[in-house]
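Q: below is the sequence, then the predicted model.
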Amino acid sequence: LEGKREMVEFLEGLGLSPQLLIFVISMVPFVELRGGIIVGLALELPWWEVLPICFIGNIFPIPFVILFGRKIIDWLGKTKLFGRFVARYKLKLAEKSKIIKKYGHFGLALFVGIPVPGTGAWSGALLAVLLNMRIAFAVPAILAGIIMTLGTSGVIGAFSAVM
């Protein structure tokens, strides 16, 4: 409980509205909407306000990731600072891509919807790019995965609001 109070005080000290804060947090790779939802609920925002803000924040960067992801990954992979990280990240994505290759767009939706770090919309969009999936099929699968995550979080948020 003490850690939660310290986190809330720190976040409130940033001077951003709670809504803008969770929107921005939901855009950050690896943290994404799962982190935004946790922060929003910790800030005692109602779950019905948190979920749409985090959803919009999470999908906002996805078109840019799909359009420019490969170029950015290739460029960052050539730098000294990020080269090793990009190489490891590509290996992890390649390992996870087996499910997507096997189940196609349904597999991509499942991948994005699994509530563990590194399986959100950013990773799903990058996987779609690296697997050369057509955008018209990748985006709905990514959105479906986000909606699955929201559904799970919404149930948890609604339950915690009642408690």
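A: Yep, that arrived.

Q: buried sites along the longest helix along the chain?
A: Counting by DSSP state H, the longest helix found in the chain is helix 83-113. Within helix 83-113, the residues that qualify as buried are 86, 89, 93, 96-97, 99-100, 105, 107-113, counting by 16 or more other CB atoms under 10 Å. All C-beta atoms are positioned from the backbone trio N, CA, C, and that covers glycine.

Q: measure the most centrally placed residue in the chain to Ala121 for me?
A: Centrality entry for the chain: nearest residue to the mean C-alpha point is Glu32, 3.2 Å, by CA atoms, centre = their mean. Noted for Glu32: a distance of 6 Å to Ala121, by CB to CB, to the nearest Å.

Q: give me the common contacts of these two.
A: Asn58 (CB atoms under 8 Å, 6 or more residues apart in numbering).

Q: hmm, back to that, ok, and what's touching the helix or strand just after the longest helix of the chain?
A: Heading C-terminal from helix 83-113, the first helix or strand you meet, by DSSP states H and E, is helix 121-130. Applying CB under 8 Å, 6+ apart, the contact partners of helix 121-130 are 29-30, 32-33, 58-59, 61-62, 65-66, 69-70, 73, 90, 93-94, 96-97, 100, 108, 111-112, 135, 138, 141-142, 145-146.

Q: stretch 63-82 now?
A: Taking CB under 8 Å, 6+ apart as the rule, stretch 63-82 contacts 83, 85-87, 89-90, 122, 125-126, 128-130, 135, 138-139.

Q: how far is that stretch from where the chain is centred?
A: 17 Å (CA atoms, centre = their mean, to the nearest Å).

Q: can you offset everything so residue one is 52?
A: Got it, first residue is 52 now, which makes that one stretch 114-133.

Q: tell me the mean pLDDT over that stretch?
A: For stretch 114-133, mean pLDDT is 91.

Q: can you pull the buried residues of that stretch?
A: For stretch 114-133, a neighbour-count test (16+ other CB under 10 Å) marks Val116, Ile117, Gly120, Ile123, Ile124 as buried.
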